[in-house]
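Peer 1: Just a sequence and a predicted model for now, questions to come.
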Amino acid sequence: MASTCMLWLLLTQLLMLFAESRAKVPAIIVFGDSSVDPGNNNQIPTMARSNFEPYGRDFSGGLATGRFSNGRIPTDFISEAFGLKPTVPAYLDPTYNISDFAIGVSFASAGTGYDTATSDVLSVIPLWKELEYYKDYQKKLRTYLGDQKANEIISEALHLMSLGTNDFLENYYTLRGRRSQFSVDQYQDFLIGIATNFTQNLYALGARKISLGGLPPMGCLPLERTTNFMGGNECLESYNMVAMAFNEKLNNLVIKQNKELPGITMVLSNPYNILLQIIQKPSIYEVGCCATGMFEMGYACDQYNPFTCTDAKKYVFWDSFHPTEKTSSIIAGQMVKTVLSKFL
Ligand SMILES: *[C@@H]1O[C@H](CO)[C@@H](O)[C@H](O)[C@H]1NC(C)=O
Ligand SMILES: *[C@@H]1O[C@H](CO)[C@@H](O)[C@H](O)[C@H]1NC(C)=O
């Protein structure tokens, strides 16, 4: 009798241990730009949209959700790798509610950046507003699950941030405003200041697991190569250098926050090297799949364009700015295997 009892006790404890390790990351919470926006922009008046064909043609049901991709985006793959849902829904999508968002939610908005002047360009959701939505979400979560359970989810959830490219390409190098105010190095520090404040705000709201996303090799995006006709349409080295310098500063921020904020675990998910490796493989297409692949994204990439490729899997980029689902799955897989494995 006694030994059966012991066995049961042991078994129950083992099961509890297992349940605990399974629930290590109970939710994925996302902030950022089009790299991780699953459709928030569908709900706001902006030109930065992609909720029409051929976007989403390889998504479940061929649905154009508002993801800037032929299929899923990196945060979807990360969520799946953590044993959660295969997709992370948009907070503003009315077809989802708090029972879905308790497991995964994205506040991201295509076209946004750290700088409010960037989100103003296409009238999208500024980063500070993403934080306001997050506060609103926390209230709903507490009402839905009670304070204790909600607080536990918040502190154990993986908070992913992915933005910054638009601050340089859509804002600094395109408009005069910030360029007349800052050197590119000063502008980077200005953005780092905003990122510092933002991660501190997340921490104050209870977040303890944060992944900061690095910049891709921006000079190799098809749109930037297309405009680099002086340089034979090669990657624009100066933009790549800025991305590398900025990633270094982000890395320093991660080190600083890990030192200064008790109980926080922050990492840098840097896609730069893996994406550059994929791009530099010989025999890959150097343009995007959609339309000519040289200029088009958003409304310019639509179903009437006769040049859109038939098999996006053979391409690194889907449109002139955004990776294909295939590329996103490779990048997400690499991040999970390296830095994010810390949270698994
Ligand atoms: C969320 O939506 C589902 C179905 O769409 C519904 O069954 C459920 O009651 C809703 N939950 C809340 C908390 O509103
Ligand atoms: C920090 O973030 C908060 C919340 O978004 C904002 O109100 C405040 O102005 C920011 N401070 C700085 C120095 O950027």
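Peer 2: Yes, it's here. Ligands and ions are numbered 1, 2, ... in the order given.
Peer 1: Compute the distance between whichever residue of the stretch 101-250 of the chain sits closest to ligand 1 and ligand 2, please.
Peer 2: Closest approach between the stretch 101-250 of the chain and ligand 1, counting by C-beta to the nearest ligand atom: residue 144, at 5.7 Å. C-betas here are computed from N, CA, C, even on glycine. The gap separating residue 144 from ligand 2 is 24 Å, by C-beta to the nearest ligand atom, to the nearest Å.
Peer 1: Setting aside sequence neighbours, what's the nearest residue to that residue?
Peer 2: Among residues not flanking residue 144 along the chain, residue 98 sits closest, at 4.6 Å (C-beta to C-beta, 6 or more residues apart in numbering).
Peer 1: I figured residue 297 was touching residue 323, is that so?
Peer 2: No. In this structure, residue 297 is not within contact of residue 323 by C-beta atoms under 8 Å, at 11.9 Å.
Peer 1: residues in the stretch 1-150 of the chain within reach of ligand 2, list them.
Peer 2: Near ligand 2, the residues belonging to the stretch 1-150 of the chain are 128, 131 when assessed by C-beta under 6 Å from any ligand atom.
Peer 1: Looking at the residue in the stretch 1-150 of the chain positioned nearest to ligand 1 now. What's its pLDDT?
Peer 2: Closest approach of the stretch 1-150 of the chain to ligand 1 (C-beta to the nearest ligand atom) occurs at residue 97, with a separation of 3.8 Å. Residue 97 is assigned a pLDDT of 98 by the prediction.
Peer 1: Going along the chain, name the helices of the stretch 51-200 of the chain.
Peer 2: In order along the chain, the stretch 51-200 of the chain carries the following helices (DSSP state H, counting those that start in this stretch): 74-81, 98-101, 116-121, 127-145, 147-156, 165-166, 177-181, 184-204.
Peer 1: Can you read off the backbone torsions of residue 265?
Peer 2: Per-residue torsions, residue 265: phi -120, psi 110 (degrees, to the nearest 10).
Peer 1: Find the nearest non-adjacent residue to it, please.
Peer 2: Here the nearest residue to residue 265 in space, its sequence neighbours aside, is residue 209; by C-beta to C-beta, 6+ apart that works out to 5.4 Å.
Peer 1: quick one: contacts for the residue nearest to residue 144?
Peer 2: For residue 98, the contact set (C-beta atoms under 8 Å, 6 or more residues apart in numbering) comprises 137, 140-141, 143-144.
Peer 1: With pLDDT added, can I get these in JSON lines?
Peer 2: Shown next, in JSON lines, are the contacts of residue 98 (pLDDT from 0 to 100):
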{"residue": "137", "pLDDT": "98"}
{"residue": "140", "pLDDT": "98"}
{"residue": "141", "pLDDT": "98"}
{"residue": "143", "pLDDT": "98"}
{"residue": "144", "pLDDT": "98"}
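Peer 1: interface residues of this protein facing ligand 1?
Peer 2: That would be 97-99, 144, which are the residues of the chain within reach of ligand 1 (C-beta under 6 Å from any ligand atom).
Peer 1: Just flag the most distant two among the residues you listed.
Peer 2: 97 and 144 (8.9 Å; C-beta to C-beta).
Peer 1: isn't the residue of the stretch 101-250 of the chain closest to ligand 1 right up against residue 99?
Peer 2: Yes. The pair residue 144 / residue 99 is scored as a contact, 7.1 Å apart, by C-beta under 8 Å.
Peer 1: Give me the more crowded residue out of the two.
Peer 2: Using other C-beta atoms under 10 Å, the more surrounded residue of residue 144 and residue 99 is residue 144, with 14 against 9.
Peer 1: And the more buried one, how close does it get to residue 101?
Peer 2: 9 Å (C-beta to C-beta, to the nearest Å).
Peer 1: so where's the chain shaky on pLDDT?
Peer 2: Judged against pLDDT under 70, the low-scoring parts of the chain cover residues 1-7, 9-23, 283.
Peer 1: repeat that with 90
Peer 2: Counting by pLDDT under 90, the chain contains low-confidence ranges at 1-24, 229-233, 281-287, 292-296, 302-306, 344.
Peer 1: This protein: strands as residue ranges?
Peer 2: In the chain, the strands defined using DSSP state E lie at 28-32, 104-106, 158-162, 209-213, 265-269.
Peer 1: Report the inter-axis angle for the longest helix along the chain versus strand 265-269.
Peer 2: Ranked by number of residues, the top helix in the chain under DSSP state H is helix 237-260. Taking axes from the mean of the first three to the mean of the last three C-alpha atoms, to 10 degrees, one finds that helix 237-260 is oriented at 170 degrees with respect to strand 265-269.
Peer 1: Which elements pack onto helix 237-260?
Peer 2: Helix 237-260 sits against helix 184-204, strand 209-213, strand 265-269, helix 272-280, with contacts defined as 3 or more C-beta pairs under 8 Å, 6 or more residues apart in numbering; DSSP states H and E.
Peer 1: What are the buried residues along that helix?
Peer 2: Neighbour-count burial for helix 237-260, with 16 or more other C-beta atoms under 10 Å as criterion, is recorded at 239-240, 242-244, 246-247, 250, 253-254, 257.
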